[in-house]
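*Asks:* Have a look at this prediction, sequence included:
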Amino acid sequence: MSITPWSYSRIKAFEQCPKQFYHMKVVKDYEDRVTDAMLYGTSFHTAAEEYVRDGTPMPERFDYAVSAINSLIDKEGDKLCEYKLGLDEELEPCTFSDKDVWFRGIADLIIVDDDLAWVVDYKTGKSARYADTGQLELMALAVFKHFPEVNNVRAGLLFVVSKDLIKSSYTRDQESTLWDKWLTSFNRMKEAYTNDYWNAKPSGLCRRHCAVVECAYNGRN
């Protein structure tokens, strides 16, 4: 098992429970995309990408999101859909599939307008109550590396059902502080990998929602 390339979803899975992370070998955050694809065939994210990029009409079942996405289309700047961002271990930009890629992230939508960028991640959950802006921090940091002309990032989690937009703003002079935070998280994961020591972290999810049945805290035992 390798811990790199890492991503926001990997860090969050590790922090939730290192033991589950190890056994399940979490490598990608499917979030609502898998559910959408299973239920509808075409995921919301694919439909939104084609609507923004090509003007392809949104399927009728996603009409609830059109006005929110139109507000993004109306913004000035180059629109980059499902944009893949890679960084090497020196925090230099690289391609998503580069042999030296160390961190990976995918932004649902980036809009670049001179020294300002908007970074948006679509959420199809019904509530923004437990929104986590950590994903936006990492995307902003990657954008600063890939777009050296950008000095300000306005980021948001767009909950398209409830039409809530959870906003965060970042400036280039915050890079060092934010990277220190995320590198601390990464180093905890690296230490667990180096020592092959994956502690269980029991929570309310253990009883019914964990697939690691050999764990002493699993509710099926």
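*Replies:* Great, that's in hand.

*Asks:* Can you find which helix in this structure contains the most residues?
*Replies:* Secondary structure of the chain per DSSP state H: the longest helix is helix 175-195.

*Asks:* what's the following helix or strand after the lowest-mean-pLDDT helix or strand in the chain?
*Replies:* Every helix and strand in the chain was compared by mean pLDDT, DSSP states H and E; the lowest is helix 31-40, with a mean of 40. Moving toward the C-terminus from helix 31-40, the next helix or strand (DSSP states H and E) is helix 44-54.

*Asks:* Give me the three-state assignment for the residue nearest in space to the middle of the chain.
*Replies:* Residue closest to the mean C-alpha point of the chain, counted by C-alpha atoms, centre = their mean, is Q135 at 4.8 Å. Following DSSP: H, G, I helix; E, B strand; the rest coil, the label given to Q135 is helix.

*Asks:* Just confirm it contacts L157, I think it does.
*Replies:* Yes: the pair Q135 and L157 qualifies as a contact (C-beta atoms under 8 Å) at a distance of 7.5 Å. For glycine as for every other residue, the C-beta is placed from the backbone atoms N, C-alpha and C.

*Asks:* quick one: common contacting residues for those two?
*Replies:* D121 (C-beta atoms under 8 Å, 6 or more residues apart in numbering).

*Asks:* and the longest helix of the chain, which residues are buried?
*Replies:* With burial defined by 16 or more other C-beta atoms under 10 Å, the residues of helix 175-195 counted as buried are L178, W179, W182, S185, F186, M189, A192, Y193.

*Asks:* so, if you compare those residues, which one comes nearest to D114?
*Replies:* Lowest distance from D114 to the buried residues of helix 175-195 (C-beta to C-beta) belongs to L178, with 22.2 Å.
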